[in-house]
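Colleague: I'd like to go over a predicted model; first the sequence, then the structure.
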Amino acid sequence: MDFEDLAFERVRIAPGALTARGFKVAGGSFVLAEPLLSGRFLARLTITAEAGEEFRLEGCVLDPETLEEYRPLKNPEYAGSFVEQVREAYRGWLAGLAPDCGSRALFALPQSNRLTALIEQQLGEGVTNPFHDSPGCGVFRRADNLKWYAVLLPVKLGKLKGLNMTQDQAELLTEVLNLKLPPPQITALLKEPGFYPAYHMNHQHWVSVRLDDTLGDERVLALVRQSRDLVAGAASVPKTAFSTPLGVPQAWLLPARPDLFDVEAAFRRDPELWWHQHVTSIKPGDTVYIYMSAPIRAVIYGCVVLKSHELVKQDPTREPERSMLLRLQRRYPRELMGAERLKGLGVAGVRSLRRAPAPLHEILAQAGEQAQASVPKKGAP
């Protein structure tokens, strides 16, 4: 993978962001050139829009006087401390530039990101990643019974059975979506391009769909719906209890672990708090209820979303992450909305961000009118 593609692997490029960053439009492309290594070189990046949401990236390092390309940059036959210094400087320039050129995508492949957005829009269930040591994974689960119906995983091509390829090709990464389907249907699908025995899951009941646009979004989405229907339990809460009409602010349940993060101390320092945002459908004006896990096991905080989809560098050791800004509105007593009452409202557990059922939202909204918020004003001592 080229330097440019590696740096921009998870970036959804936005033309508006490019012009804001200083790119100039030239011949239908966006071009940016900036000094490198204290002006000893000139780094140049050209971004050209192609079909759909695809962009082609071409970069190089130039002599600032002659504009002659420094060819050792991408020639593996060249080695030595100076060449590595130039390469490292160029990588660092691209790494710092990429976050300014758009929003960070959750997944590497365009179809993976499109389907994630479609599932959120049409089914109202966002993707989460319970595998904290495996970035790039995503799980879709029903809001009513928390059962998984789709699992998005990065996988080396060599792990997919039935593909003929070289050893180098076998090491390349792709992404698959594991879906639960009836065994006879899986047998039939495995005869078609784009379907493989389920990676890391039961081959009899699950199948892997390669998300490289071999299959159209609509067909994959139809299979997603079928998989979701298969995991519906008899005791499921009707989906209408968890839905809100489009255009109306949504209500969400957000879990927090007291042993990992002191939410109370954070809100006492500042009633506005940046929080990592996994679900793209959260919008400003939505309500977020923060559920504190063991030993508290209750909804304690009610917040309003002030901003969403912002790239914020919360940890100086990591890249900027998509985040939302929460404003604390009120605190709730532990006994108001504990784990047992949540179960009675159809919420068996809060393991990841999820939509709040309408009855829960109504109860907490009414209680908030009577409860004392004890929320300091922004900027107050």
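Modeller: On my side now, so go ahead.

Colleague: Now do the helix ranked longest in the chain: distance to the chain's middle.
Modeller: Using DSSP state H, we find that the single longest helix of the chain is helix 81-97. Centroid separation for helix 81-97 versus its chain: 27 Å, with CA atoms, centre = their mean, to the nearest Å.

Colleague: swap in stretch 57-70?
Modeller: Per CA atoms, centre = their mean, the centroid offset for stretch 57-70 relative to its chain is 35 Å.

Colleague: Could you pull out the buried residues of it?
Modeller: Neighbour-count burial for stretch 57-70, with 16 or more other CB atoms under 10 Å as criterion, is recorded at 57, 59-62, 70. C-beta here means a position set from N, CA and C on the backbone, and glycine is covered the same way.

Colleague: for stretch 194-211, same thing?
Modeller: Using 16+ other CB under 10 Å as the test for burial, stretch 194-211 gives 194-199, 201, 206-211.

Colleague: Which of these fall in helices?
Modeller: Among the buried residues of stretch 194-211, none falls in helices (DSSP H).

Colleague: Output those as a markdown table; include the columns distance to Glu362 and pLDDT.
Modeller: Shown next, in a markdown table, are those (distance: CB to CB, whole Å; pLDDT from 0 to 100):
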| residue | distance to Glu362 | pLDDT |
| --- | --- | --- |
| Gly194 | 44 | 95 |
| Phe195 | 44 | 96 |
| Tyr196 | 45 | 95 |
| Pro197 | 46 | 94 |
| Ala198 | 41 | 94 |
| Tyr199 | 42 | 92 |
| Met201 | 38 | 91 |
| Trp206 | 38 | 95 |
| Val207 | 40 | 96 |
| Ser208 | 41 | 96 |
| Val209 | 39 | 97 |
| Arg210 | 43 | 96 |
| Leu211 | 39 | 96 |
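
Colleague: could I get the residues you listed as CSV with distance to Gly138?
Modeller: Supplementary listing: the buried residues of stretch 194-211 in CSV, determined by distance: CB to CB, whole Å:
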residue, distance to Gly138
Gly194, 19
Phe195, 19
Tyr196, 18
Pro197, 20
Ala198, 16
Tyr199, 14
Met201, 14
Trp206, 15
Val207, 17
Ser208, 14
Val209, 14
Arg210, 15
Leu211, 11
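
Colleague: which of these lies closest to Arg114?
Modeller: For the buried residues of stretch 194-211, the closest approach to Arg114 (CB to CB) belongs to Leu211, at 9.0 Å.

Colleague: And that closest one, its phi and psi?
Modeller: Dihedral pair for Leu211: phi -100, psi 60, per degrees, to the nearest 10.

Colleague: show me what contacts it?
Modeller: For Leu211, the contact set (CB atoms under 8 Å, 6 or more residues apart in numbering) comprises 109, 111-112, 115, 152, 174-177, 220.

Colleague: Kindly recompute the last result at 10 Å.
Modeller: Counting by CB atoms under 10 Å, 6 or more residues apart in numbering, Leu211 touches 107-116, 152-153, 174-177, 194, 217, 220.

Colleague: from the residues you listed, which would you call buried?
Modeller: 107, 109-116, 152-153, 174-177, 194, 220.

Colleague: Of those residues, which belong to strands?
Modeller: 152-153, 174-177 (DSSP state E).

Colleague: tell me the contacts of Tyr70?
Modeller: By CB under 10 Å, 6+ apart, the contact list for Tyr70 reads 36, 40-43, 60-63, 78, 83, 86, 90.

Colleague: for these, which one is nearest Glu9?
Modeller: Within the contacts of Tyr70, the smallest distance to Glu9 is 16.1 Å, found for Tyr90 (CB to CB).

Colleague: how far away is Gln185 from Glu171?
Modeller: Distance, Gln185 to Glu171, by CB to CB, to the nearest Å: 31 Å.

Colleague: what does Tyr332 give?
Modeller: 51 Å.

Colleague: So for the two, which residue has more residues nearby?
Modeller: Between Tyr332 and Glu171, Tyr332 has the larger neighbour count (other CB atoms under 10 Å), namely 20 against 11.

Colleague: just the contacts of Tyr70 now: which is nearest Gly138?
Modeller: Within those, the smallest distance to Gly138 is 31.4 Å, found for Tyr90 (CB to CB).

Colleague: count of neighbours near that closest one?
Modeller: Around Tyr90 there are 24 residues (other CB under 10 Å).

Colleague: Could you do the one 4 residues further on as well?
Modeller: The number of residues packed near Leu94 is 21, by other CB under 10 Å.

Colleague: same thing with Leu364?
Modeller: Leu364 has 20 neighbouring residues, counting by other CB under 10 Å.

Colleague: Going forward, the N-terminal residue is numbered 402.
Modeller: Will do, 402 is the new start, and the previous item becomes Leu765.

Colleague: Now do the SS call for it.
Modeller: Counting by DSSP: H, G, I helix; E, B strand; the rest coil, the backbone at Leu765 sits in helix.
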